[in-house]
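J.: coords below, sequence missing:
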């Protein structure tokens, strides 16, 4: 009887050993949640912005500069952040980044203790430090995806973590709007900082490299490695190549690639759309469309939900094209071009008065921006394996220069005209520029091989 029971057990274990585990899906889920908190922490100021500006007596230009504080630091931190990822591995640097940025978010809740002028300086400084702390996050996402996912799944995986920027608004905008309305803007920062600190412990427990994760079996490891995943990216022999600081000859080599320059320009333009949505968009709804901050918290989540679905759809569509035999170039560029064309629809808001029409148009623009936001998939496809973190950091440096320019330019446009019409044209024009860069500059999309390696 015991022997009869043992045989199926052994057989079932053998069958289980042949079936690949799917640990990589849990990994991308953790990246998704970490990125959701990442973008929500950036967006705290946009939700709390109208009340905060009133308390601190800030005009649109001053708000533009405060919004840009994050961008200055985020750009400065990209190359050091990418090098740290290559030198010490993705997990260690990511956890330190997550814990630190959550702490700086929490501290922003105390700026109300200071007098107006001092409060602005303290707020700018904390937003600057937040940018430094978050700088390794997206290169880290790209690096982890490159390690865990084969090429044919990488577009979907990258789109999932990138779509978290929209889901963060879907999930947290109503919560932050309610907190601002009920408790005051200070508590938005306390709440989001606490959420990030809690997430740090979950990340520590559940995220590992493919070779080190006790949950992954040999079948999954073989499947992803044969499909092009860089499974040993965080092993000592790989990270050792990053000793001694960033190799500027390698940075120069990245900058000499026409393909990558085109990708960088395209990402700058796409990120301009991102920072309109996470900085000025809620302020636009309050000041130009007369919505209450409580209503904005819920209304802003509707276009963001469309952006989330668009973001996932763009990655799925791109990978589907690959599986059907399309080249990597066609599979990545097609969603980008289609999505950016849809994003230009936001300019139509200048010609409608009804609030519902504005929400519908912005939802379409968000949806298009989500479809076209495949830059991180392109980075995972093109980065030299020796410097995947540094390559992602350089890409994000160019892209997030828009985090500096977008809030300031829009601030001047709004102050100069007293309305947002010019701002919407400016953002829509960047979508067109992204299309031109991918079509006319990028050329073939392929993995770059370093000559200096």
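T.: All right, it came through fine. Remember, it's a predicted structure, so these values are computed and weren't measured experimentally.

J.: Can you point out the buried residues in the helix or strand where residue 46 lies?
T.: Element membership for residue 46 (DSSP states H and E) is helix 23-56. Along helix 23-56, these residues count as buried under the neighbour rule (16 or more other CB atoms under 10 Å): 23-24, 26-28, 30-53, 55-56. No exception for glycine: its C-beta is placed from N, CA and C like everyone else's.

J.: Please apply the same query to stretch 442-449.
T.: 442, 445, 448.

J.: swap in stretch 314-329?
T.: Buried-residue list, stretch 314-329, by 16+ other CB under 10 Å: 314, 315, 317, 318, 319, 321, 322, 328, 329.

J.: Need the residues that contact that stretch.
T.: With CB atoms under 8 Å, 6 or more residues apart in numbering as the test, stretch 314-329 has contacts from 151-160, 162-163, 330-332, 334-336, 339, 370-374, 377, 381, 443-446.

J.: Helix, strand or coil: sort out residue 229 for me.
T.: coil (DSSP: H, G, I helix; E, B strand; the rest coil).

J.: For it, which non-adjacent residue is spatially closest?
T.: In this structure, residue 229 finds its nearest non-sequential neighbour in residue 150, 5.3 Å apart by CB to CB, 6 or more residues apart in numbering.

J.: SS state for residue 449?
T.: With three-state DSSP as the criterion, residue 449 reads coil.

J.: Save the buried residues of stretch 442-449 as JSON lines, and put in distance to residue 421 and pLDDT too.
T.: Shown next, in JSON lines, are the buried residues of stretch 442-449 (distance: CB to CB, whole Å; pLDDT from 0 to 100):
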{"residue": "442", "distance to residue 421": "32", "pLDDT": "91"}
{"residue": "445", "distance to residue 421": "36", "pLDDT": "89"}
{"residue": "448", "distance to residue 421": "41", "pLDDT": "82"}
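
J.: tell me which of these is nearest to residue 360?
T.: residue 442 (32.2 Å; CB to CB).

J.: Buried subset of the contacts of stretch 314-329 as a PyMOL selection?
T.: Here is the PyMOL command that selects only those of these that count as buried (16+ other CB under 10 Å):
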select buried, resi 151+153+154+155+156+157+158+159+160+162+163+331+332+334+335+336+339+370+371+372+373+374+377+381+445
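
J.: The contacts of stretch 314-329 in helices, which ones?
T.: 151-160, 162-163, 330-332, 334-336, 339, 370-372, 377, 381 (DSSP state H).

J.: any idea how far residue 90 is from residue 220?
T.: 18 Å (CB to CB, to the nearest Å).

J.: Kindly report the same for residue 146.
T.: On the measure of CB to CB, residue 146 and residue 90 end up 10 Å apart.

J.: And residue 210, by the same measure?
T.: Residue 210 is 11 Å from residue 90, by CB to CB.

J.: give me the low-pLDDT residue ranges for the stretch 151-300 of the chain?
T.: Within the stretch 151-300 of the chain, the segments meeting pLDDT under 70 span 233-247, 293-294, 297.

J.: what about 50?
T.: 239-240 (pLDDT under 50).

J.: That one: strands as residue ranges?
T.: For the stretch 151-300 of the chain, strands defined by DSSP state E, counting those that start in this stretch do not occur.

J.: Helices of that one, start to end?
T.: Applying DSSP state H, counting those that start in this stretch to the stretch 151-300 of the chain gives helices spanning 151-182, 186-206, 218-226, 236-239, 248-255, 258-275, 281-287, 293-299.

J.: From residue 180, how far out is residue 59?
T.: 20 Å.

J.: Same drill for the two, tell me which one is more crowded.
T.: More crowded of residue 59 and residue 180, by other CB atoms under 10 Å: residue 180, with 24 against 11.

J.: Looks like the more buried one contacts residue 47 (just checking).
T.: Yes - in this structure, residue 180 is within contact of residue 47 by CB atoms under 8 Å, at 6.1 Å.

J.: Just give me the residue closest to the centre of this structure.
T.: residue 162 (4.8 Å; CA atoms, centre = their mean).

J.: from the chain's centre, how far out does stretch 140-156 sit?
T.: In terms of CA atoms, centre = their mean, to the nearest Å, the centre of stretch 140-156 is found 14 Å from the chain centre.

J.: Ends of that stretch, what's the gap?
T.: Stretch 140-156 stretches 17 Å from its first residue to its last (CA to CA, to the nearest Å).

J.: just to revisit the earlier point, looking at residue 220 and residue 90 now, which is surrounded by more residues?
T.: residue 90 (28 against 19).

J.: That one contacts residue 145, doesn't it?
T.: No - when contacts are counted by CB under 8 Å, residue 90 is not listed as touching residue 145 (10.0 Å).

J.: what's the closest of the helices of the stretch 151-300 of the chain to residue 390?
T.: Of the helices of the stretch 151-300 of the chain, nearest to residue 390 by CB to CB is helix 248-255, at 6.8 Å.

J.: Show me what the closest one is in contact with.
T.: 79, 260-261, 384, 386-387, 390-391, 394, 448, 450-453.

J.: Filter the residues you listed down to the buried ones, PyMOL style.
T.: To isolate the buried subset of the contacts of helix 248-255 in PyMOL, counting by 16+ other CB under 10 Å, use the following:
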select buried, resi 79+260+261+384+386+387+390+391+394+448
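
J.: Where is pLDDT lowest across the contacts of helix 248-255?
T.: Checking pLDDT across these, the minimum falls on residue 453 at 53.

J.: circling back: how about the helices of the stretch 151-300 of the chain in a markdown table, adding distance to residue 105?
T.: A markdown table is the format used below for the helices of the stretch 151-300 of the chain (distance: least, CB to CB, whole Å):
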| stretch | distance to residue 105 |
| --- | --- |
| helix 151-182 | 12 |
| helix 186-206 | 4 |
| helix 218-226 | 34 |
| helix 236-239 | 29 |
| helix 248-255 | 31 |
| helix 258-275 | 18 |
| helix 281-287 | 17 |
| helix 293-299 | 18 |
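
J.: closest one to residue 365 among these?
T.: helix 258-275 (7.9 Å).

J.: got the buried residues for the closest one?
T.: Going by 16+ other CB under 10 Å, helix 258-275 has these buried residues: 259-275.

J.: Equivalent analysis for stretch 138-148, please.
T.: 138, 139, 140, 141, 142, 143, 144, 145, 146, 147, 148.

J.: Test for you: state the pLDDT assigned to the residue lying closest to residue 206 once chain neighbours are set aside.
T.: Closest residue in space to residue 206, ignoring its immediate chain neighbours: residue 30 at 5.7 Å, by CB to CB, 6+ apart. What the model reports as pLDDT for residue 30 is 92.
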